[in-house]
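Participant: this one's sequence-less:
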Ligand SMILES: C[S@@+](CC[C@H](N)C(=O)[O-])C[C@H]1O[C@@H](n2cnc3c(N)ncnc32)[C@H](O)[C@@H]1O
């Protein structure tokens, strides 16, 4: 063994060992997650517990599965929005929806739906275009806490101004207030919008294809992964798309690392909306 | 400025700026030598969808190629990367940038602390971190981490900065190697990163 090992090298070694232990014990494989974000989450978790070394988490997670599951959830504590990137929803409305209208039945998959704001945004869009009753929406995530929030559809009232602004910019045809009710310090999305939605746990790393989709929304999930894992997840998604199906990824994500680029044409490359070539 | 002694030849520069930062960055990028050979990663606080405006202004002045970072962009020498509005920008060990949507840090996303702390882990002693003008305390924790991993820390003189609060907060950590005026920074960087 080498005598000197920098603090950062040691931390990387500890993290690798921890991920090995977690994989063997629980089957979750985080090796190909982007490490910079992961180390932040790990450090934050450790700070909360007054732990100094990453390797001390190994005995903790091996013996205490509740601690481990809490940690997994802390890995994906995120902020999402209704109609995030309004111009994306505008192009979906103007260029994708007209094509979807030609199908008798439409399947939409939100992969990595987090607390569900994007799902309800889509449901509103489909409702306004008269399509919702012909749709089946699948909303999946690997974080059960996020899925619970998504099912409830209750969001902090302080966020509503941003959502309203996004909705307007996305070309919304009515008022966002028409789709929710105000509670004390929160808003609740009308349950009518959830009727066509199935919420389920699905892990993009370990689970497989479960249907043929006309539109897949997978935004800001790939950023969690390294290039290889992005390619794997995108291959799974491509396999889930019907011929001529649509794919939308996050504004700052890319298909550069994936061979599926060859099977897709641009609807709008700047907005990251693509369409599968015919077979 | 012969008084600069940076231990190891640096591999990257990280810059943080907030209020007043566009002017400061514009000046700095216009003065850097065209042969500047290190990558420069920049977190400048911007309004929600404002990175295109920022890119346009800075690209006009910069001697080096400049872009808004995308996820897993490879970090190239002599290139400037701006953190996109609404995302944190981090550095991965393999020499690529990563973006994330973690909650704001120090009320900011992108956050300077997040960039500096991730870069410190990757580049260690071979990193130079610079805090410029701003009106909040983002960057201070980052400066502490950079120093902790052996990097070189630089802060713009609060008195001469458009907004002194942010550089002052970094200075107060006691982890700052060089206190310089904005006018001195291009020469400082050219000395460590010129070809
Ligand atoms: C930033 S949110 C994206 C929310 C929404 N799509 C948006 O863009 O606003 C990312 C979500 O990806 C989920 N995620 C991360 N890794 C995953 C995996 N391996 N399988 C499924 N979901 C995952 C996280 O739990 C988190 O809820």
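Facilitator: Great, that's in hand. Bear in mind the structure is a predicted one, so any value in this text is a computation, not a measurement.

Participant: how about the helices of the stretch 101-250 of chain A, start to end?
Facilitator: A:117-128, A:144-152, A:160-169, A:227-240 (DSSP state H, counting those that start in this stretch).

Participant: quick one: the third one near the ligand?
Facilitator: Right, the one you point to is helix A:160-169. No. Against the ligand, helix A:160-169 shows no contacts by Cβ under 6 Å from any ligand atom, the least distance being 11.0 Å. Yep, even glycine has a C-beta here, placed from its N, CA and C like the rest.

Participant: buried ones in that helix?
Facilitator: A:160, A:163, A:164, A:166, A:167 (16 or more other Cβ atoms under 10 Å in any protein chain shown).

Participant: and the pLDDT for the fourth one?
Facilitator: Which is residue A:166. Turning to residue A:166, the model gives it a pLDDT of 97.

Participant: mind listing what it touches?
Facilitator: A:81, A:82, A:83, A:84, A:86, A:89 (Cβ atoms under 8 Å, 6 or more residues apart in numbering or on different chains).

Participant: before we move on, what about the second one?
Facilitator: Residue A:163 makes contacts with A:81, A:82, A:83, A:117, A:155, A:176, as judged by Cβ under 8 Å, 6+ apart.

Participant: could you point out which element follows the helix or strand hosting residue A:40?
Facilitator: Using DSSP states H and E, the element containing residue A:40 is helix A:35-49. Sequence-wise, the next helix or strand downstream of helix A:35-49 (DSSP H and E) is helix A:57-63.

Participant: for the next helix or strand after that following helix, buried residues please.
Facilitator: Using DSSP H and E, the helix or strand that follows helix A:57-63 in sequence is helix A:65-75. By neighbour count on 16+ other Cβ under 10 Å, the buried set for helix A:65-75 is A:68, A:71, A:72, A:75.

Participant: from those residues, pick the one nearest the ligand.
Facilitator: Nearest to the ligand, judged by Cβ to the nearest ligand atom, of the buried residues of helix A:65-75 is residue A:75 at 7.5 Å.

Participant: go ahead and confirm the closest one touches residue A:34.
Facilitator: No. Using Cβ atoms under 8 Å, residue A:75 is not in contact with residue A:34; the gap is 11.2 Å.

Participant: which SS class is residue B:13?
Facilitator: strand (DSSP: H, G, I helix; E, B strand; the rest coil).

Participant: the longest helix along chain A vs the ligand: in contact?
Facilitator: In chain A, taking DSSP state H as the definition, the longest helix is helix A:7-26. No. Helix A:7-26 stays clear of the ligand (Cβ under 6 Å from any ligand atom), getting no nearer than 13.3 Å.

Participant: count of residues packed around residue A:183?
Facilitator: 10 (other Cβ atoms under 10 Å in any protein chain shown).

Participant: got the contact list for the residue nearest to residue A:254 when sequence neighbours are not counted?
Facilitator: Spatial nearest neighbour of residue A:254, excluding adjacent residues (Cβ to Cβ, 6 or more residues apart in numbering or on different chains): residue B:70 at 5.6 Å. Taking Cβ under 8 Å, 6+ apart as the contact definition, residue B:70 lies against A:252, A:253, A:254, B:84, B:97, B:99.

Participant: pLDDT score for residue B:70?
Facilitator: Model confidence at residue B:70, given as pLDDT, is 96.

Participant: quick one: secondary structure of it?
Facilitator: coil.
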